[in-house]
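**Student:** coordinates only, sequence not included:
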Ligand code: XUL
Ligand code: CO
């Protein structure tokens, strides 16, 4: 037991009237919503990188946080793990997520980095055994070290491709060993800074080859985890290949991998791509590609990927509505890919940011569940398309030809009468739930 969170109590559900800062007001893990416990619906996860590895830096200044596990070797990696699992316990959070670099010291060689990872993974395995917190997903950091500056799988240097493949294998091994439910690939620098030095055809083929090997390895290991791609349009690259859901789906179809891979969608990435989060979720749902979410929000003024904790119930409600509509998370979950601000120095800030985020998500989720149960929104949507049920209209979608349709339009004097889209009425309806 460390003393890092000394004096901070276990967070319990106390209800909406509670004035206790260290309590959930809306997230009651045991509450049954849509026939299932809230914790099983939401499947919250803490992101190791933001909570335990982020030092508080920004482009204009370095470290602001003073964590006792910074700067150091294996001993500090284990101290960090001790503190992390203490935080998971305080929050009673069912999952966590990590990159290799978040959890282990970087070695001088690949072999040393791998040994370090294995040692930490063994340490995690012991903790997971006696903890309620499991691994939602693991991933490889293929973007921080300078060797990855021109990409990992899409790098012009085949040695970087090889190094990346070896790193991914070690991270998949770690994820499998820890019983992870998913493995995520976020293409941090899989993109370009300038087209002037970039061969788009080669880079797409390389990315697909890497993904194909990942899928093959999963099957070879008999692992039933889900492989997820996380789209993002830019940052750190000027242009990233996994731009958004539509682009990733096109890539997967192009290389025949659409049945092997789903997506991990992040609120802030959707906004950077010029979409709403619910757009990305709805499209992934419609394509059968929705795997998991990274919950956060960006600062709407700065236009950067600021990875803040969610703080907007109507937004989370619309997001969870799409998750519910597409059948829920399955083996995915809600990962807080969110970090406290660089002035939020205290251990309490780490805890309370998550408490607030979990409560916001719970409120959004409950509103979404009511909206779904009531069915009014879906009824209005169905009604808008109801005329398609008529046999003559169904025919247009199956065997009809342009000539048949043209003949019917002329002879039956088909003359469309525009109808209201009722947008404001639907917005009013949604507002009755949030
Ligand atoms: C970066 C981002 C990553 C991925 C995992 O914007 O979202 O943290 O979630 O590599
Ligand atoms: Co993310």
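**Tutor:** Received it, and whenever you're ready, just let me know what you need. Keep in mind that this is a model prediction, so the values were computed, not measured. Residues are numbered from 1 along each chain as shown. Ligands and ions are numbered 1, 2, ... in the order given.
**Student:** isn't residue 104 right up against residue 77?
**Tutor:** Yes - between residue 104 and residue 77 there is a contact under C-beta atoms under 8 Å: 5.7 Å. To be clear about C-beta, it is placed using only N, CA and C from the backbone, and glycine gets the same treatment.
**Student:** if you count what's nearby, which of the two comes out ahead?
**Tutor:** residue 104 (27 against 20; other C-beta atoms under 10 Å).
**Student:** In the stretch 51-200 of the chain, what residue lies closest to ligand 1?
**Tutor:** residue 186 (3.6 Å; C-beta to the nearest ligand atom).
**Student:** Now for that residue: which residues touch it?
**Tutor:** 139, 229, 230, 232, 242, 264 (C-beta atoms under 8 Å, 6 or more residues apart in numbering).
**Student:** any idea which of those residues is closest to residue 57?
**Tutor:** Taking C-beta to C-beta as the measure, residue 232 is the one of the contacts of residue 186 closest to residue 57, at 20.0 Å.
**Student:** show me the contacts for that closest one.
**Tutor:** Residue 232 touches 186, 187, 240, 242, 243, 266, 269, 272, 273, 305, counting by C-beta under 8 Å, 6+ apart.
**Student:** and residue 390, how many neighbours?
**Tutor:** 10.
**Student:** on that earlier part again, mind putting the contacts of residue 232 into a markdown table with distance to ligand 2 and secondary structure?
**Tutor:** Listed next are those as a markdown table, based on distance: C-beta to the ion, whole Å; DSSP: H, G, I helix; E, B strand; the rest coil:
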| residue | distance to ligand 2 | secondary structure |
| --- | --- | --- |
| 186 | 6 | strand |
| 187 | 11 | coil |
| 240 | 12 | strand |
| 242 | 11 | coil |
| 243 | 15 | coil |
| 266 | 4 | strand |
| 269 | 7 | helix |
| 272 | 11 | helix |
| 273 | 13 | coil |
| 305 | 9 | coil |
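**Student:** Scan the residues you listed and report the most crowded one.
**Tutor:** Of the contacts of residue 232, with other C-beta under 10 Å as the count, residue 269 tops at 29 neighbours.
**Student:** following the least confident helix or strand in the chain by mean pLDDT, which helix or strand shows up next?
**Tutor:** Ranking every helix and strand in the chain by mean pLDDT, DSSP states H and E puts helix 391-397 at the bottom, with a mean of 94. Using DSSP states H and E, the next helix or strand after helix 391-397 towards the C-terminus is helix 402-411.
**Student:** which other helices and strands contact the longest helix along the chain?
**Tutor:** With secondary structure taken from DSSP state H, the chain has its longest helix at helix 347-374. Here helix 347-374 touches strand 23-24, strand 32-33, helix 38-42, strand 44-47, helix 74-91, helix 313-325, strand 334-336, going by 3 or more C-beta pairs under 8 Å, 6 or more residues apart in numbering; DSSP states H and E.
**Student:** what's the closest of those to residue 376?
**Tutor:** Here helix 313-325 is closest among the helices and strands packed on helix 347-374 (C-beta to C-beta), at 12.2 Å.
**Student:** and the angle for the closest one with helix 347-374?
**Tutor:** 60 degrees (axes from the mean of the first three to the mean of the last three C-alpha atoms, to 10 degrees).
**Student:** what sits up against helix 313-325?
**Tutor:** Under C-beta under 8 Å, 6+ apart, the answer for helix 313-325 is 34, 267, 276-278, 281-282, 285, 290, 293, 295, 297, 310, 329, 360-361, 363-365, 367-369, 371-372, 377, 430-431, 433-434.
**Student:** Enumerate the positions of that helix that are buried.
**Tutor:** 313, 315, 316, 317, 318, 319, 320, 321, 322, 323, 324, 325 (16 or more other C-beta atoms under 10 Å).
**Student:** now swap in stretch 369-383 and tell me
**Tutor:** Neighbour-count burial for stretch 369-383 [16+ other C-beta under 10 Å]: 369, 370, 371, 372, 377.
**Student:** OK, contacts around the fourth one?
**Tutor:** Spelled out, it's residue 372. 34, 321, 324, 325, 378.
**Student:** Apply 10 Å and report the result again.
**Tutor:** 33, 34, 320, 321, 324, 325, 378, 433 (C-beta atoms under 10 Å, 6 or more residues apart in numbering).
**Student:** Any figure for the gap between it and residue 365?
**Tutor:** 10 Å (C-beta to C-beta, to the nearest Å).
**Student:** shared neighbours of those two, which are they?
**Tutor:** With C-beta under 10 Å, 6+ apart as the test, residue 372 and residue 365 both reach 33, 34, 320, 321, 324.
**Student:** so can I have JSON lines of these showing pLDDT and distance to residue 178?
**Tutor:** What follows is the shared contacts of residue 372 and residue 365, written out as JSON lines (pLDDT from 0 to 100; distance: C-beta to C-beta, whole Å):
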{"residue": "33", "pLDDT": "98", "distance to residue 178": "29"}
{"residue": "34", "pLDDT": "98", "distance to residue 178": "29"}
{"residue": "320", "pLDDT": "98", "distance to residue 178": "27"}
{"residue": "321", "pLDDT": "98", "distance to residue 178": "32"}
{"residue": "324", "pLDDT": "98", "distance to residue 178": "29"}
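**Student:** Same list (those) but as CSV, adding distance to ligand 1.
**Tutor:** As requested, these are arranged in CSV below (distance: C-beta to the nearest ligand atom, whole Å):
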residue, distance to ligand 1
33, 27
34, 27
320, 19
321, 23
324, 23
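**Student:** Quick check: the farthest pair among those?
**Tutor:** 33 and 321 (12.9 Å).
**Student:** what touches both of these two?
**Tutor:** 365, 368, 369, 370, 372.
**Student:** Give me the neighbour count for the first one.
**Tutor:** Counted with other C-beta under 10 Å, the neighbours of residue 365 add up to 26.
**Student:** Domain-wise, how is the chain divided?
**Tutor:** In terms of domains, the chain is parsed into 12-374, 378-431 (source: automatic domain parsing).
**Student:** how about those domains in JSON lines, adding distance to residue 4?
**Tutor:** Below are those laid out as JSON lines (distance: least, C-beta to C-beta, whole Å):
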{"stretch": "domain 12-374", "distance to residue 4": "5"}
{"stretch": "domain 378-431", "distance to residue 4": "42"}
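**Student:** Can you say which of those is packed in most?
**Tutor:** domain 12-374 (a mean of 19; mean count of other C-beta atoms under 10 Å).
**Student:** End to end on that one, go ahead and measure it.
**Tutor:** 30 Å (C-alpha to C-alpha, to the nearest Å).
**Student:** and the gap between the closest residue to ligand 1 within the stretch 301-434 of the chain and residue 266?
**Tutor:** Closest contact between the stretch 301-434 of the chain and ligand 1, by C-beta to the nearest ligand atom, is at residue 337 (4.8 Å). To residue 266, residue 337 is 6 Å away according to C-beta to C-beta.
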